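J.: Output the structure for:
(chains A and B)
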Amino acid sequence: MTKIDLSGRVAVVTGASRGIGFAIARRLLAAGATVIVNSRRIDADVVAELLAVAPDRVHLEPGDIADPDGARQLVRAVFSRHKRLDILVNNAGIMRAAVIGMISDDDLRATLDLNLASPIHLIQAAARLMARTGGSIVNVASVVGLEGASGQLAYAASKAGVGGMTRAAAKELAPKGVRVNAVAPGYIETDMTENLGEAVRAQSLESIGLGRAGLPDDVADAVLFLSSDMARYITGQVLRVDGGMVI
Amino acid sequence: MTLEDKVFAAFQETFDLAEDFDRTLLVYRDYPEWDSIGHMTLVAALETNFDAMLEANDILAMSSFTKAVEIMSRYDEN
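T.: Purely as a prediction, here's the structure:
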């Protein structure tokens, strides 16, 4: 098996303090990349676990990227310290499940700001830096954005937007040697899905062809592949990582 | 190299200009090659030459060679 080697590459992972983002950061570190870990809050145990993988290649950049200035500041910090950016993983996201009549303006705005606008701001800032060396952007979408799901209108809309963003950015950035892809996870065991409750979990498991819920590492491996030169001729794609889930 | 020459070097790289090119003709959307695509190429050249990352507002405000010199003066460390 060919080993993926990201030595010398600089990566940013947003929402990296837990769940899928944390698994992605760990995978990229294990593959040799220097990883800038972003999240609003980064707990000490998370830091300790990442430092255990590669103490000299973990850099913490806590901040709220739902704020456009926060997103731009993150890329400026990468530029100041590293002068390059090879991999951007737009993972940070929230899901506030609610039936249509119960979606508050605040929840809608928060969902769109973080899930949809923040990756756009980061791509805007990162693209110019990545254009110097070429690079790979991986957005974390969702099968809910592809298929829709009852009670998840705002989340589905935001993640559908991530798919459109991925395809548009891929076309515009291809001449600069920057690839843009997305993964669309299905039902993955994280804090986010735990909040959906046991009934949704049971229903979701029944709909998964491979017969089990996904793990954060299942998604992280797909992101690692898309980030690497193994995927050097792949751009503009949304890869389902859902175990054959039928919604 | 003066600040103005350093900025002009980025314009030269981007638009393939001769050394004696009249710099007053360099106005966004007036000079034929300075369209939105050319603008981003120019910004990349400036960022490389100045080893800096431009703010979004500065990118949007860069409407002429003169304005570019004014803006880049804030990023020039030499």
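J.: For residue A:138, give its distance to residue A:66.
T.: Computed with C-beta to C-beta, to the nearest Å, the distance linking residue A:138 and residue A:66 is 19 Å. Placement of C-beta: from N, CA and C, glycine included.
J.: Tell me which of these two has more neighbours.
T.: Neighbours were counted for residue A:138 and for residue A:66 using other C-beta atoms under 10 Å in any protein chain shown; residue A:138 has more, 27 against 20.
J.: tell me which element the more buried one is part of?
T.: Residue A:138 belongs to strand A:135-140 when elements are defined using DSSP states H and E.
J.: And for residue A:159?
T.: According to DSSP H and E, residue A:159 maps onto helix A:153-173.
J.: Now the element after that helix, going C-ward?
T.: Helices and strands here follow DSSP H and E; after helix A:153-173, the next one along the chain is strand A:178-185.
J.: now the helices for chain B?
T.: With DSSP state H as the criterion, chain B has helices at B:3-15, B:36-50, B:56-61, B:65-72.
J.: Tell me the buried residues in the last one?
T.: Across helix B:65-72, burial judged by 16 or more other C-beta atoms under 10 Å in any protein chain shown covers B:65, B:68-69, B:71-72.
J.: if we can go back for a sec, would you mind putting the CA coordinates of the helix holding residue A:159 into PDB?
T.: Extracted C-alpha coordinates of helix A:153-173, given in PDB (Å, rounded to 0.1, in the frame of the first residue of the first chain):
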ATOM      1  CA  LEU A 153     -33.900  22.500   6.600                       C
ATOM      2  CA  ALA A 154     -31.300  25.200   7.500                       C
ATOM      3  CA  TYR A 155     -28.500  22.600   7.900                       C
ATOM      4  CA  ALA A 156     -29.400  20.900   4.600                       C
ATOM      5  CA  ALA A 157     -29.500  24.300   2.800                       C
ATOM      6  CA  SER A 158     -26.100  25.300   4.200                       C
ATOM      7  CA  LYS A 159     -24.500  21.900   3.300                       C
ATOM      8  CA  ALA A 160     -26.100  22.000  -0.200                       C
ATOM      9  CA  GLY A 161     -24.400  25.300  -0.600                       C
ATOM     10  CA  VAL A 162     -21.100  23.800   0.300                       C
ATOM     11  CA  GLY A 163     -21.500  21.400  -2.600                       C
ATOM     12  CA  GLY A 164     -22.100  24.300  -5.000                       C
ATOM     13  CA  MET A 165     -19.200  26.300  -3.500                       C
ATOM     14  CA  THR A 166     -17.000  23.300  -4.000                       C
ATOM     15  CA  ARG A 167     -17.800  22.900  -7.700                       C
ATOM     16  CA  ALA A 168     -17.600  26.700  -8.400                       C
ATOM     17  CA  ALA A 169     -14.300  27.100  -6.500                       C
ATOM     18  CA  ALA A 170     -12.800  24.100  -8.300                       C
ATOM     19  CA  LYS A 171     -13.500  25.600 -11.700                       C
ATOM     20  CA  GLU A 172     -12.100  29.000 -10.800                       C
ATOM     21  CA  LEU A 173      -9.000  27.700  -8.900                       C
END
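J.: Now the residue of chain A found nearest chain B. Nearest residue, chain neighbours left out?
T.: Of all residues in chain A, residue A:79 sits closest to chain B, at 4.6 Å by C-beta to the nearest C-beta. Nearest residue to residue A:79, sequence neighbours excluded (C-beta to C-beta, 6 or more residues apart in numbering or on different chains): residue B:53, at 4.6 Å.
J.: Spit out the contact partners of that neighbour.
T.: Residues in contact with residue B:53 (C-beta atoms under 8 Å, 6 or more residues apart in numbering or on different chains) are A:75-76, A:79, A:125, A:128-129, B:47.
J.: Redo the residues you listed as a markdown table? Include pLDDT.
T.: Converted to a markdown table, the contacts of residue B:53 look like this (pLDDT from 0 to 100):
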| residue | pLDDT |
| --- | --- |
| A:75 | 95 |
| A:76 | 93 |
| A:79 | 93 |
| A:125 | 92 |
| A:128 | 88 |
| A:129 | 91 |
| B:47 | 92 |
